[in-house]
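Undergrad: got a predicted structure plus its sequence, pasted below:
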Amino acid sequence: MPPSRQGDERTSRPPLLEIVIPAYNEEGRLPGGLLQLCAKLARMPFPTAVIVVDNNSTDSTAEIVRTWPRGKVPVRLTRCETPGKGAAVRAGLLETRAPFVGFLDADMATDLGAIDVAFGLLLSGERVVVGSRAHAFSDVENRHSRVRELGAVGFRALARALVRGVSDTQCGFKFFDGALARDVAARLRTPGFAFDVELLARCADRGATILEIPVQWRDMPGSRFSPARHSAGIVLELGRIWLTLRLEPRAAAAPAWEPPLDPVGYP
């Protein structure tokens, strides 16, 4: 079958997997990241799609997505006016419709080979699969300062009180059962850096086990996190998450995805 016809058939069917990329002023890193991701997804034997969430960028981030070449993997743009990575991920997840969804950072710091592992685990019945730089078998190249490392240790200690059994809540590689992700995203209230903690805590509250997998992770230049500027705000966010989760009534478990009766084209 000609490549163009294969691309038409893939894009004409609903995606089985959608991946969200939150983006704020990512004109420098987004083109390379999208090229990597689309090349990876195009090799998967089922329809996939990418949603880029422009979070009030003042550079050409949105234009890069609007003019992205059409191919086997549709790439579409959505906007989030509320500032913050958490708000952008929430908006992106709520735009998805696929049975399985995930989100990645625009710098693609996590090696994309982990997508195969995560998706296979979701197909086998896992509902939340996240990358963990703290996993014993992870390969991590980290150029962070000593101050940032100490801050990360303190953050992880606080996060573990909210999401027990998870060693790394902040790795930008997370995949979910789609129905669960949309249910939890609709209730997400944390717009900033600590949103991952609330997201995972709400998944656990709905009865989902959070499975951490090893990753190859490379620290990429361009991070906007600063211990001096953001630490106090993150502690406040964690406190609000703790209070919110304890005041809310316990949620019922979200239904798991079930394969269609005639899963044509799906593994």
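TA: Structure's in. What do you need? Predicted, not measured: the structure shown is a model, and the values here were computed from it.
Undergrad: check the residue most central in space within the chain and give its pLDDT.
TA: Most central in the chain under Cα atoms, centre = their mean is Phe103, positioned 2.0 Å from the mean C-alpha point. pLDDT for Phe103: 98.
Undergrad: cool, and Glu9?
TA: With respect to pLDDT, Glu9 has a value of 64.
Undergrad: tell me the bridge partners for the residue nearest to the centre of the chain.
TA: Assessed by DSSP bridges, Phe103 has beta-bridge partners Val20, Lys174.
Undergrad: quick check, it in contact with Arg90.
TA: No: in this structure Phe103 lies outside contact range of Arg90 using Cβ atoms under 8 Å: 10.0 Å. The way it works is simple: take the backbone N, C-alpha and C, and place the C-beta from them, glycine included.
Undergrad: residues in contact with the longest helix seen in the chain?
TA: The residue-count maximum for a helix in the chain (DSSP state H) belongs to helix 227-247. For helix 227-247, contacts defined as Cβ atoms under 8 Å, 6 or more residues apart in numbering pick out 147-148, 151, 155, 158-159, 161-162, 189-190, 192-195, 197-198, 201-202, 205.
Undergrad: where does Ala95 fall, phi/psi-wise?
TA: That one is not Ala; residue 95 is Glu. Phi and psi for Glu95, reported as degrees, to the nearest 10, are phi -80, psi -20.
Undergrad: which residues does it contact?
TA: Each residue near Glu95 by Cβ under 8 Å, 6+ apart is listed here: 20, 51, 53, 78.
Undergrad: and of those, the nearest to Arg97?
TA: Among the contacts of Glu95, Ile51 lies closest to Arg97 (Cβ to Cβ), at 10.2 Å.
Undergrad: does that closest one count as helix, strand or coil?
TA: Classification of Ile51 using DSSP: H, G, I helix; E, B strand; the rest coil returns strand.
Undergrad: that one is in contact with Pro22, isn't it?
TA: No: if you go by Cβ under 8 Å, Ile51 and Pro22 don't touch, sitting 9.7 Å apart.
Undergrad: mutual contacts of these two, please.
TA: Joint contacts of Ile51 and Pro22 (Cβ under 8 Å, 6+ apart) are Gly92.
Undergrad: please identify which of these two sits among more neighbours.
TA: Neighbour tally, Ile51 and Pro22, criterion other Cβ atoms under 10 Å: the higher count belongs to Pro22, 26 against 23.
Undergrad: right, and that one touches Val89 too?
TA: Yes: the pair Pro22 and Val89 qualifies as a contact (Cβ under 8 Å) at a distance of 5.2 Å.
Undergrad: any weak-confidence spans in the chain?
TA: Applying pLDDT under 70 to the chain picks out residues 1-10, 143-154, 222-232, 249-267.
Undergrad: just the CA trace of stretch 11-31, in PDB.
TA: Extracted in PDB, the C-alpha atoms of stretch 11-31 (Å, rounded to 0.1, in the frame of the first residue of the first chain):
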ATOM      1  CA  THR A  11      -5.800   9.300  10.400                       C
ATOM      2  CA  SER A  12      -9.300   8.400   9.400                       C
ATOM      3  CA  ARG A  13      -9.700   6.100  12.400                       C
ATOM      4  CA  PRO A  14     -10.100   7.300  16.000                       C
ATOM      5  CA  PRO A  15      -6.700   7.100  17.800                       C
ATOM      6  CA  LEU A  16      -6.100   4.400  20.300                       C
ATOM      7  CA  LEU A  17      -3.500   6.600  22.100                       C
ATOM      8  CA  GLU A  18      -3.400  10.400  22.400                       C
ATOM      9  CA  ILE A  19      -0.400  12.200  23.900                       C
ATOM     10  CA  VAL A  20      -0.600  15.700  25.400                       C
ATOM     11  CA  ILE A  21       2.300  18.100  25.300                       C
ATOM     12  CA  PRO A  22       2.000  21.300  27.500                       C
ATOM     13  CA  ALA A  23       4.000  24.100  25.900                       C
ATOM     14  CA  TYR A  24       4.900  27.600  27.100                       C
ATOM     15  CA  ASN A  25       7.300  29.500  24.900                       C
ATOM     16  CA  GLU A  26       8.700  26.300  23.400                       C
ATOM     17  CA  GLU A  27       9.700  27.500  19.900                       C
ATOM     18  CA  GLY A  28      13.200  26.300  20.500                       C
ATOM     19  CA  ARG A  29      12.500  22.800  21.800                       C
ATOM     20  CA  LEU A  30       9.100  21.900  20.400                       C
ATOM     21  CA  PRO A  31      10.000  21.300  16.700                       C
END
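Undergrad: thank you, goodbye.
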